[in-house]
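Undergrad: My questions are about this predicted structure, shown below with the sequence.
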Amino acid sequence: MDDGLLSELAGRQEYSQGFVTDVEQFYVPKGLDADIIRRISAIKQEPSWLLDFRLDAFAKWQRMKEPHWGHLKLPRIDYQDIIYYAAPKKDSDRPKEIDPALMETFEKLGIPLKEREVLAGVKGREVAVDAVFDSVSVATTFRKTLADKGIIFCSFSEAVRDYPELVRKYLASVVPAGDNFFAALNSAVFSDGSFCYVPKGVECPMELSSYFRINAAGTGQFERTLIVADEGAKLSYMEGCTAPMRDEHQLHAAVVEIVVEKDADVKYSTVQNWYPGDAEGRGGILNLVTKRGLCRGEGSHLSWTQVETGSAVTWKYPSTVLLGDYSSSEFYSVAMTNNYQQADTGTKMIHIGRGTRSRIVSKGISAGHSENSYRGLVRVNPGAAGARNFSQCDSLLIGSDCGAHTFPVIVNRCPQAVVEHEATTSKISDDQLFYCGQRGISPEDATALIVGGYAKEVLSRLPMEFAVEARRLLSVSLEGAVG
Amino acid sequence: MDSVYVIGRDAVPSLVRLGSGESLKMTLVVPEGESCKLELEIELDGPGASLDLAGASMSGGSEQVNIKVTVRHNVPGCRSEQLFKSVAGGQARVSFDGLVYVAHGAVRTVAHQQNHSLLLSGEALVESRPQLEIYADDVECSHGATTGYLNPEELFYMRSRGIPEDVARAMQVEAFLAPVLSRAGEGGQL
């Protein structure tokens, strides 16, 4: 491909969610100490047990060191140079109407906040959305429909106010406050997020969705999501994220906890499209996230699906603890990196119960100067008789300056368990491109086609709305990668 | 070059460099009762170098077997094959740590790595860390790792034909290790 076309392609490649919304924001001062935490807690009018939880987490965090075991060059983060709480200013405490500027933001992102659109049939299927803007949840839709079934879906702050006993019971039950450096930081300063509880035997009638948006400069986002599926409950949850284009790095340290009781079924899907930085690797979100599910009851099931295309740095290992007998879990992942992005992502499957099963399918795609690693752990404890795991981790390299790595760990202590892992690394072959070229398909389109086929096994697991977005994102991320 | 090393009897080199066109066939055997901490690094420094590496370990007591192998493809057009098999019974702890590194520019690399383990007791532990670190795009690299146990159906088949259980089990283990041990046995060195 000639240089003119290449530069044109590079020019075309853009991050369409990179705009900034101009709303009046309220900030707490920069920096982090116990007073800031007390202040955040006071703003949110939290009960004292939650403030104690935060302060305890902060004390733990102060004794911890930033982890550097990932295959990442993590830029230096000055934790005193971050604003830990930013919220759109409100006219009154509880506005009836959403600020039109915010409304417009979510419209631009294609997130329907107005229920009537869906009811009028403008949008297809019903999806309940919880939209989080910087540090606060601005709107949660379809509450009434869900409440009729006994399902609670609201922002985390509201859950603390309205269902304190539920939050208290499950908070930090899967990811303890001192679990790791970033989880401890999140536990100390978390702002908002989604809370979801599906009661016994209820099947959630629609997809639940959270949409996270970082808007304010110099801030970090520390959301916390807690999902509880009681006995026999069933739900599907989707998460999406975007941020403006900025030259500085912004920190995103979230915690997601999922509790799955007996015979319950949870499907958790993520399309992560944080701002990845520009073509020279300036700016972008540092996505340092702890996600973990606990299959507590017998026969419970948790499925993770993730499409990671954004962020300058991704450090993320959605994991499942298979505690209940015959519980099962899956992890399907596509991680795409281009330019100077770095991703170190994978999963952990901890088999504790008898007859537990897990399956891992990970597809990494690296282009440009990026680094893409799969890191995983499959652990089978002595009591997990009949446990079974299968892992498949493939890497695809596009261009000669990127890196693709696989770091799996298998620890087996059970003589009645079978664990299998396989990984391959390959590139898009010249033969494939030549074949497509002969049929009039440009190298760009051919690459998108081949990558689409390569990632299909994972993309097909996504809920319909997300699958369309994910496919589009993959092709956008690929632009300019072929030369 | 074809060499067999029995741990506890032979000294294993810690670093081997293969130059242009050189090939090495190497077999490592860790016999029962032997604990070891083995670190082996092989550098493929010349184009066309090829490595065929295999290892087997049998542990049934309280052995600690740690094998760490690093294979570096530094130049284009090299080939490496690795096969490691281990059996862990008793309170043995067996770990395999294998890295295949493909340097920037080392195109047309072919590298395969396999690590298979059998766990015979509830007090034994098997750890496997097969790793790929790749900085070149035109490569064919793969690794596979499994851990499992003796197939009860095979055992039943043999017992139903009058083979005592302990003999049948021994045969299963022998068959599992055969692909590696046959390489060592040929030269009568075991």
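TA: Cool, got the structure. Residues are numbered from 1 along each chain as shown, chains lettered A, B, ... in the order given.
Undergrad: show me where pLDDT drops low in the stretch 101-250 of chain A?
TA: Residues of the stretch 101-250 of chain A meeting the criterion pLDDT under 70: A:101-128, A:134-140, A:243.
Undergrad: Let's see that with 80 instead.
TA: In the predicted model, the stretch 101-250 of chain A carries pLDDT under 80 at residues A:101-144, A:211-218, A:240-248.
Undergrad: contact partners of whichever strand or helix holds A:Phe182?
TA: Assigned by DSSP states H and E, A:Phe182 belongs to helix A:181-189. With CB atoms under 8 Å, 6 or more residues apart in numbering or on different chains as the test, helix A:181-189 has contacts from A:32, A:36-37, A:40, A:53-55, A:57-58, A:60-61, A:64-67, A:79, A:84-85, A:172, A:175-178, A:222, A:224, A:253-255, A:288-290, A:315. Any C-beta I mention is one placed from the backbone N, CA and C, and that applies to glycine too.
Undergrad: how about the helices in chain B?
TA: In chain B, the helices defined using DSSP state H lie at B:152-160, B:165-185.
Undergrad: relative to helix B:152-160, how tilted is the longest one?
TA: Compare the direction of helix B:165-185 with that of helix B:152-160 by axes from the mean of the first three to the mean of the last three CA atoms, to 10 degrees and you get 110 degrees.
Undergrad: Return the list of helices and strands in contact with helix B:165-185.
TA: strand B:2-6, strand B:23-30, strand B:50-59, strand B:79-88, strand B:109-119, helix B:152-160 (3 or more CB pairs under 8 Å, 6 or more residues apart in numbering or on different chains; DSSP states H and E).
Undergrad: angle of the longest one against helix B:165-185?
TA: Read that as strand B:109-119. Using the same axes, to 10 degrees: strand B:109-119 against helix B:165-185 is 150 degrees.
Undergrad: Give the buried residues for strand B:109-119.
TA: B:109, B:111-119 (16 or more other CB atoms under 10 Å in any protein chain shown).
Undergrad: What about chain A: which of these touch it?
TA: Among the buried residues of strand B:109-119, the ones lying near chain A by CB under 8 Å from any CB of the partner chain are B:117, B:119.
Undergrad: nearest to chain A, of the buried residues of strand B:109-119?
TA: Nearest to chain A among the buried residues of strand B:109-119 is B:Leu119, at 4.5 Å by CB to the nearest CB.
Undergrad: near chain B, which residues of the stretch 51-200 of chain A?
TA: Counting by CB under 8 Å from any CB, the positions of the stretch 51-200 of chain A adjacent to chain B are A:His71.
Undergrad: ok, now which ones touch the residue in the stretch 51-200 of chain A that chain B sits nearest to?
TA: At 7.9 Å from chain B, A:His71 is the closest residue in the stretch 51-200 of chain A, using CB to the nearest CB. Counting by CB under 8 Å, 6+ apart, A:His71 makes contact with A:342, A:344, A:371, A:373, A:375, A:405, A:407, B:133.
Undergrad: how about TSV for those residues, with secondary structure added?
TA: Output for the contacts of A:His71, formatted as TSV (DSSP: H, G, I helix; E, B strand; the rest coil):
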residue	secondary structure
A:Gln342	strand
A:Asp344	strand
A:Glu371	strand
A:Ser373	strand
A:Arg375	strand
A:His405	strand
A:Phe407	strand
B:Glu133	strand
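Undergrad: middle-most residue in chain B, spatially?
TA: In chain B, the centroid-proximal residue (CA atoms, centre = their mean) is B:Phe84; its distance is 1.6 Å.
Undergrad: I'd assumed B:Ala54 was in contact with that residue.
TA: Yes: using CB atoms under 8 Å, B:Phe84 makes contact with B:Ala54 at a distance of 7.1 Å.
Undergrad: Look up the residues that both of the two are in contact with.
TA: B:Val180.
Undergrad: Contacts only, for the residue in the stretch 151-300 of chain A that chain B sits nearest to.
TA: The nearest approach of the stretch 151-300 of chain A to chain B comes at A:Gly281, 17.1 Å away (CB to the nearest CB). For A:Gly281, the contact set (CB under 8 Å, 6+ apart) comprises A:312, A:339-341, A:369.
Undergrad: go with 6 Å
TA: A:Tyr340 (CB atoms under 6 Å, 6 or more residues apart in numbering or on different chains).
Undergrad: A:Asp35 versus that one, what's the distance?
TA: 36 Å (CB to CB, to the nearest Å).
Undergrad: returning to what we had before: could you export the helices of chain B as a markdown table, including mean neighbour count?
TA: Putting those into a markdown table (neighbours: other CB atoms under 10 Å in any protein chain shown) gives the following:
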| stretch | mean neighbour count |
| --- | --- |
| helix B:152-160 | 12 |
| helix B:165-185 | 15 |
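Undergrad: Including mean pLDDT, could these go into TSV?
TA: Listed next are these as TSV, based on pLDDT from 0 to 100:
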stretch	mean pLDDT
helix B:152-160	94
helix B:165-185	91
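Undergrad: out of the ones you listed, nearest to B:Gly8?
TA: Closest of the helices of chain B to B:Gly8 is helix B:165-185, at 13.9 Å (criterion: CB to CB).
Undergrad: my guess is B:Tyr135 contacts B:Ala106, does it?
TA: No: the criterion here is CB atoms under 6 Å, and B:Tyr135 misses it with B:Ala106 at 7.8 Å.
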